[in-house]
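Colleague: have a look at this fold, sequence not included:
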C-alpha cells in the first residue's frame, strides 16, 4: 500500500515533469521568435527591448515543489576562460570612411575561448560591411565581447559583435544592406558557413532597412531565412568550434528573450588581414 508520503512525492514528481514539459515547449517557442528571424517585429539589435517571454517563467512556486524537484544540470562548459580584458565602450558618430581595396582579398580571424574561427571576407560584394568590420576589429571593438545569442531550432546561428552582450549594443552608426541577391542564398536559405550582418529590418517598413551595425551571425547549419541580412563572409575554418558551441545548447532569458549559449563564448581577439 502506498503511504501518504510516497503519494505526495509521486504527485510532486509528476507535477515537476509537467512543468518541465511546459518549460521546454515555451523555450522552443521563444527560440523560434528569436530576434534574427524575419517574422519578429524587431530584429537583432532591437531585441533586447522586448517584453517578458513565456520561456523560463513556468515552474513550481511553493516550497514543496522546490524540495521535491531535482535541480536541472547543464552540460560541462566546452570552452576556456576568457583572456584578461574588458569589452569596448567605444562608439562613433558615423560610418568609417571607406579605406578598403575592393580588388584585394581580406580574411578575418576570431580567436575565441572555444577555438579559432577563420573567415574569408567578401570585400567586392559587401564593401561597406567589410570596411566597417575591419575598422571595428582594428579598433579592438570586438575584443573581450561575448557571443550573446545561440539559436538551435528553426535556424542555426551564433550571434556576436555586441560588447554589451545584450543584443542592444551598437557602434553608434549604421551601414547599408548589401549583397542581398547573392546566388548562395538560394530558396531563402543561408547555407552553413555563411557570415552575415544582423539588423533592425522588421520585414515590412522600408525605413528599417540599412540598419546593420556591429552585430553579425555565424551560420553553422543551413538556415531558412529571407534574404534580408547582408552576407559578407564565409567560414573557412572553425565549423567544428561552432558545432561544439551548439552541442552545449542555450538557455533563454525570460526578460530579454535572448537564448544565450551555455558555453562561455568570448572573442578574445578579432583581426582582419589583407592579402
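Modeller: Structure received. In this text, all values refer to a predicted model and were calculated from it rather than measured experimentally.

Colleague: mind checking how far the residue nearest to residue 269 when sequence neighbours are not counted is from residue 117?
Modeller: Ranked by C-beta to C-beta, 6 or more residues apart in numbering and with sequence neighbours excluded, the top spatial neighbour of residue 269 is residue 111, at 4.4 Å. C-beta coordinates here come from the backbone N, C-alpha and C atoms, glycine included. Residue 111 sits 8 Å away from residue 117, going by C-beta to C-beta, to the nearest Å.

Colleague: those two: which is more packed in?
Modeller: Set side by side, residue 111 and residue 117 give different neighbour counts by other C-beta atoms under 10 Å, the larger being at residue 117 (26 against 15).

Colleague: surely the more buried one is within a helix?
Modeller: No. Assessed with DSSP: H, G, I helix; E, B strand; the rest coil, residue 117 is strand; it does not lie in a helix.

Colleague: bridging residues for it?
Modeller: In this structure, residue 117 has beta-bridge partners residue 110, where bridges are defined by DSSP bridges.

Colleague: kindly report the same for residue 272.
Modeller: With DSSP bridges applied, the residues forming beta bridges to residue 272 are residue 108.

Colleague: who's in contact with it?
Modeller: Residues near residue 272 by C-beta atoms under 8 Å, 6 or more residues apart in numbering: 106, 107, 108, 121, 133, 134, 137, 138.

Colleague: which of those residues count as buried?
Modeller: Restricting those to buried positions leaves 106, 107, 108, 121, 133, 134, 137, with burial counted as 16 or more other C-beta atoms under 10 Å.

Colleague: out of the residues you listed, which comes closest to residue 209?
Modeller: Nearest to residue 209 among the buried ones among the contacts of residue 272: residue 133, at 19.0 Å, using C-beta to C-beta.

Colleague: and the closest residue to residue 185 other than its chain neighbours, its phi and psi?
Modeller: In this structure, residue 185 finds its nearest non-sequential neighbour in residue 227, 4.7 Å apart by C-beta to C-beta, 6+ apart. The phi and psi torsions at residue 227 (degrees, to the nearest 10) take the values phi -80, psi 70.
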